[in-house]
Every structure is written in C-alpha cells, then in structure tokens.
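A.B. asks: Here is my input; please provide its structure:
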Amino acid sequence: MKYLRRLLGFIASKLVIFTIVSTLLILAFYLAMNTSNIYILLADGMKERASVILTRQGAAELNGFFEGEYLSQDEGLSIGLSQNSPYYYYNVTSFNYDLSMEWMWEDTAEAVIVEKIPRIVGTVASDYRSMAAAGTIAATPPDWVGGRYRVTLKRVNGVWKIASLRQTQVIVNPTPVPAPATPEPQTRR
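C.D. replies: Numbers count the residues shown, from 1 in each chain. Presented below is the predicted three-dimensional model:
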C-alpha cells in the first residue's frame with residue numbers, strides 16, 4: 001500500500017507538471033499566433049493604405065484591412081483620393097515601404113507603429129507635364145511624411161481589422177545633404 005501511494009503521488013506530480021508546461025506552451029503559441037496575425041495585418045493594411053494614397057487605385061481593397069467606419073473618417077485617405085493630394089499630378093510606379101511595430105498589447109489589440117516610405121519612384125502624369133516644365137510642380141513626387149501611430153484593432157467575426165489609427169508623431173524623411181566638395185590636390189612643379 002505504501003508503494004502504491006508513492007507511485008500514485010509520483011504520477012500525480014508528473015501529471016501536474018506536464019499540465020502546467022502544456023498550458024504554458026499553448027498560451028505561448030496562441031500569443032505568438034495573434035501577434036504575427038496583427039503584425040501582418042498592420043504591415044499589409046498600412047502598405048495598401050499608402051499605395052491607395054500614392055496611386056489613387058485599389059481603395060476597395062482597404063475593406064479587408066480596416067473597418068468601414070474608420071475608412072469613412074480617415075483624413076489622410078480622403079486627402080489622398082482628392083485633387084488636394086500632393087501625389088495627384090504624378091504616376092507613382094513603385095515605392096519602398098517600411099513599418100515597424102514598437103509596442104503591442106494583445107488584450108485590447110493596441111499597437112504603436114512607425115511608418116516610413118523612404119523612396120517613391122514616379123513621373124509627372126502626361127496631362128501635367130506642362131506644369132512641371134513651367135516649374136509649377138516638381139518633376140518628381142514629393143517625399144512621404146511618415147509617422148508614429150497608435151493603432152487600435154478589433155476582432156470582427158474572428159478576423160482582426162484596424163479600427164482606429166491616430167498619428168502621435170510626424171516623421172519627415174531627412175533631405176540628403178550633398179558632401180562638401182574637396183579641393184583638388186595641387187601638384188608641385
């Protein structure tokens with residue numbers, strides 16, 4: 001009887017340890033899965049938003065990333081789709097996009113992200129080339145004004161969507177400064 005009790009105690013303690021370790025592994029997997037889903041949604045959604053602002057095409061695709069209520073109130077998007085857009089006169093053909101997530105809290109699905117587009121490639125649209133020649137508009141698209149954003153996400157029917165996006169800091173791409181000209185070495189005669 002004494003050995004049976006010890007055996008049952010040993011099995012019970014190992015079972016408790018196994019249950020605790022299994023629970024921790026399942027929670028870590030769930031947290032990692034949600035974190036990666038949220039990051040992918042933020043990266044793809046914000047890149048698509050920037051693409052719509054730069055090219056004025058594909059606005060319907062944003063419904064897969066953002067809540068409709070937010071899209072109707074997005075000031076940056078409404079300016080980007082209007083004639084007041086700084087990219088209105090250009091055909092943007094490509095751009096480099098950079099997004100980093102600085103902080104995330106999964107319980108309420110809030111995140112702080114930094115968005116930058118360090119390079120935009122495009123030309124003046126054919127209808128506006130005379131304006132570029134006259135110097136009214138630049139020959140290349142203007143730089144993107146990036147920023148730090150506080151993002152709130154909601155789970156709608158099991159899918160994360162961006163519910164709000166509030167810019168907390170403006171990040172302007174630094175203008176490259178040309179290197180100072182070095183004097184040519186003088187040769188002795």
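
A.B. asks: Next SSE downstream of whichever strand or helix holds residue 17?
C.D. replies: In the assignment (DSSP states H and E), residue 17 maps to helix 2-55. Using DSSP H and E, the helix or strand that follows helix 2-55 in sequence is helix 68-73.

A.B. asks: Could you tell me how far the helix holding residue 17 lies from the centre of the chain?
C.D. replies: 24 Å (C-alpha atoms, centre = their mean, to the nearest Å).

A.B. asks: any idea of the mean pLDDT for it?
C.D. replies: On average, the pLDDT along helix 2-55 is 90.

A.B. asks: list the helices and strands that helix packs on?
C.D. replies: Judged by 3 or more C-beta pairs under 8 Å, 6 or more residues apart in numbering; DSSP states H and E, the packing partners of helix 2-55 are helix 75-80, strand 90-105, strand 110-124, strand 145-156, strand 159-172. To be clear about C-beta, it is placed using only N, CA and C from the backbone, and glycine gets the same treatment.

A.B. asks: Let me know the angle separating that helix from strand 159-172.
C.D. replies: 60 degrees (axes from the mean of the first three to the mean of the last three C-alpha atoms, to 10 degrees).

A.B. asks: In TSV: the helices and strands packed on helix 2-55, plus distance to residue 36.
C.D. replies: Below are the helices and strands packed on helix 2-55 laid out as TSV (distance: least, C-beta to C-beta, whole Å):
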stretch	distance to residue 36
helix 75-80	26
strand 90-105	11
strand 110-124	13
strand 145-156	13
strand 159-172	11
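
A.B. asks: out of these, nearest to residue 14?
C.D. replies: Of all those, it is strand 90-105 that lies closest to residue 14, at 35.3 Å by C-beta to C-beta.

A.B. asks: closest to residue 13 out of the helices and strands packed on helix 2-55?
C.D. replies: Of all the helices and strands packed on helix 2-55, strand 90-105 comes closest under C-beta to C-beta, at 35.3 Å.

A.B. asks: Show me which residues of that closest one are buried.
C.D. replies: 90, 92, 95, 97, 99, 104 (16 or more other C-beta atoms under 10 Å).

A.B. asks: From these, pick the one nearest residue 127.
C.D. replies: Nearest to residue 127 among the buried residues of strand 90-105, with distances taken as C-beta to C-beta, is residue 90, at 11.0 Å.

A.B. asks: Can you verify my assumption that the closest one contacts residue 122?
C.D. replies: Yes - if you go by C-beta atoms under 8 Å, residue 90 and residue 122 touch, sitting 4.5 Å apart.

A.B. asks: shared neighbours, those two?
C.D. replies: Common contact partners of residue 90 and residue 122 (C-beta atoms under 8 Å, 6 or more residues apart in numbering): 140-141.

A.B. asks: List the residues that contact the nearest residue in space to residue 66 that is not next to it in sequence.
C.D. replies: Nearest non-adjacent residue to residue 66, counting by C-beta to C-beta, 6 or more residues apart in numbering: residue 162, 4.7 Å away. Going by C-beta under 8 Å, 6+ apart, residue 162 touches 41-42, 45, 65-67, 70, 151-153.
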